[in-house]
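Engineer: Following is a predicted model, sequence given first.
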Amino acid sequence: MDRTLDLTAALGRVVIGFLRSVGAIAIFAAEAISHLVRPPFHGRLFLKAFIEIAWFSLPVVALTAVFTGMVLALQSYTGFSRFNAEGAVANVVVLSITRELGPVLAGLMVAGRIGAAFAAEIGTMRVTDQIDALSTLSTNPMKYLVTPRILAGTLALPLLVVVADILGVMGGWLIGTQQLGFASGAYLKSTFDFLHAADVISGLIKAAVFGFVITLMGCWAGYQSGGGAQGVGRATTSAVVASSILILALDYILTAILFAR
């Protein structure tokens with residue numbers, strides 16, 4: 001009986017701690033969003049964060065998209081050849097890239113790069129009392145550190161996903177025409193005939209949500225860090241792990257909402 005009560009109490013502590021964290025993150029996000037409509041707006045910091053996310057993340061996102069499209073074409077051809085349906089390769093590649101793989105893989109790559117960077121930067125400022133110094137100088141840390149980064153992530157990731165979609169489809173086209181024997185014109189015609197605007201728009205909506213979540217979790221983890229260098233390391237790890245899990249969970253939720261019949 002005592003052991004059952006101990007297990008129940010431990011489970012209750014975990015649930016309460018989880019709900020407390022969810023509530024704290026929601027309040028943190030609401031405060032950051034509220035500063036978007038309250039002056040002043042630090043445009044220089046927004047532009048710096050936007051360039052950091054969009055431009056410097058472009059190589060890793062581009063390489064990921066190209067090789068994903070190439071692998072997807074190969075695997076699709078191998079599977080469809082069993083049913084004499086090789087002609088559907090182009091359709092599967094463009095649909096998979098634009099709806100799912102483009103936003104999800106770009107989000108995961110940006111989470112590993114930007115989520116960790118933001119958590120480390122803000123976490124270092126926290127443990128060295130630089131955030132407290134901002135408050136002393138009558139500068140709101142949320143408005144100065146968090147809001148520009150969240151807005152930049154929300155706007156930058158959809159642009160990266162557009163690039164990922166184009167390069168992913170090009171990777172599939174390259175393998176399809178150079179290795180699998182498809183005619184270039186027929187492959188591209190099949191791609192464009194099967195693609196609808198809703199497929200691309202759904203991926204961009206996911207990308208905006210993922211960008212918001214990545215920057216939010218990176219800023220949150222850094223803002224709440226403590227305990228010196230080890231605390232910054234834990235904040236960096238938790239930001240990447242939480243962002244990655246949330247991307248996959250939100251991908252399912254958004255897919256269920258956007259493509260519900």
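Structural biologist: Alright, I've got the coordinates.

Engineer: Now that residue 110 has come up, it's in contact with residue 159, right?
Structural biologist: No: assessed by CB atoms under 8 Å, residue 110 is found out of contact with residue 159, at 11.3 Å. The way it works is simple: take the backbone N, C-alpha and C, and place the C-beta from them, glycine included.

Engineer: more neighbours, the two?
Structural biologist: The residue with more neighbours, out of residue 110 and residue 159, is residue 110; 28 against 18, by other CB atoms under 10 Å.

Engineer: Run through the residues that contact that one.
Structural biologist: 53, 57, 61, 153, 157, 160, 210-211, 214 (CB atoms under 8 Å, 6 or more residues apart in numbering).

Engineer: Poorly predicted segments of the stretch 1-150 of the chain, please.
Structural biologist: Scanning the stretch 1-150 of the chain for pLDDT under 70 picks out the ranges 1-2.

Engineer: the helices in it, which residues?
Structural biologist: All helices of the stretch 1-150 of the chain, identified by DSSP state H, counting those that start in this stretch, fall at 2-34, 43-54, 58-80, 89-96, 102-110, 116-127, 130-136, 141, 147-178.

Engineer: Name the residues of the longest one that are buried.
Structural biologist: Read it as helix 2-34. By 16 or more other CB atoms under 10 Å, the buried positions in helix 2-34 come out as 25, 28-29, 32.

Engineer: of all those, which comes closest to residue 143?
Structural biologist: Residue 143 lies nearest to residue 32 out of these, by CB to CB, at 8.5 Å.

Engineer: And the one helix or strand residue 255 maps to, how far out from the chain middle?
Structural biologist: Counting by DSSP states H and E, the element that carries residue 255 is helix 228-258. Distance, stretch centre to chain centre, for helix 228-258: 9 Å (CA atoms, centre = their mean, to the nearest Å).

Engineer: now do stretch 8-15
Structural biologist: 31 Å.

Engineer: What of stretch 60-71?
Structural biologist: Here stretch 60-71 shows a centroid-to-chain-centroid distance of 16 Å under the convention CA atoms, centre = their mean.

Engineer: now stretch 78-86
Structural biologist: Averaged C-alpha coordinates place stretch 78-86 at 33 Å from its chain's average position (CA atoms, centre = their mean).

Engineer: Extract the CA atoms of that stretch and return them as CSV.
Structural biologist: Output in CSV follows, covering the C-alpha atoms of stretch 78-86 (Å, rounded to 0.1, in the frame of the first residue of the first chain):
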residue,chain,number,x,y,z
THR,A,78,12.3,0.6,-55.6
GLY,A,79,8.9,0.2,-53.9
PHE,A,80,6.7,1.2,-56.8
SER,A,81,8.6,-1.0,-59.3
ARG,A,82,7.0,-4.0,-57.5
PHE,A,83,3.6,-2.8,-58.6
ASN,A,84,4.6,-1.4,-62.0
ALA,A,85,3.8,2.1,-60.7
GLU,A,86,7.2,3.7,-61.3
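
Engineer: In JSON lines: the buried residues of helix 2-34, plus distance to residue 140.
Structural biologist: JSON lines is the format used below for the buried residues of helix 2-34 (distance: CB to CB, whole Å):
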{"residue": "25", "distance to residue 140": "19"}
{"residue": "28", "distance to residue 140": "13"}
{"residue": "29", "distance to residue 140": "16"}
{"residue": "32", "distance to residue 140": "11"}
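
Engineer: between those residues, which is closest to residue 173?
Structural biologist: Nearest member of the buried residues of helix 2-34 to residue 173, counting by CB to CB, is residue 29, at 39.7 Å.

Engineer: Can you tell me the closest non-neighbouring residue to the closest one?
Structural biologist: Excluding the flanking residues, the one nearest residue 29 by CB to CB, 6 or more residues apart in numbering is residue 216, at 5.5 Å.

Engineer: any idea whether the one you found is helix, strand or coil?
Structural biologist: Judged by DSSP: H, G, I helix; E, B strand; the rest coil, the three-state class of residue 216 is helix.

Engineer: can you pull the pLDDT of the spatially closest residue to residue 66 that is not a sequence neighbour?
Structural biologist: Counting by CB to CB, 6+ apart, residue 171 is the residue found nearest to residue 66 once chain neighbours are left out, at 4.2 Å. Looking at residue 171, its pLDDT is 94.
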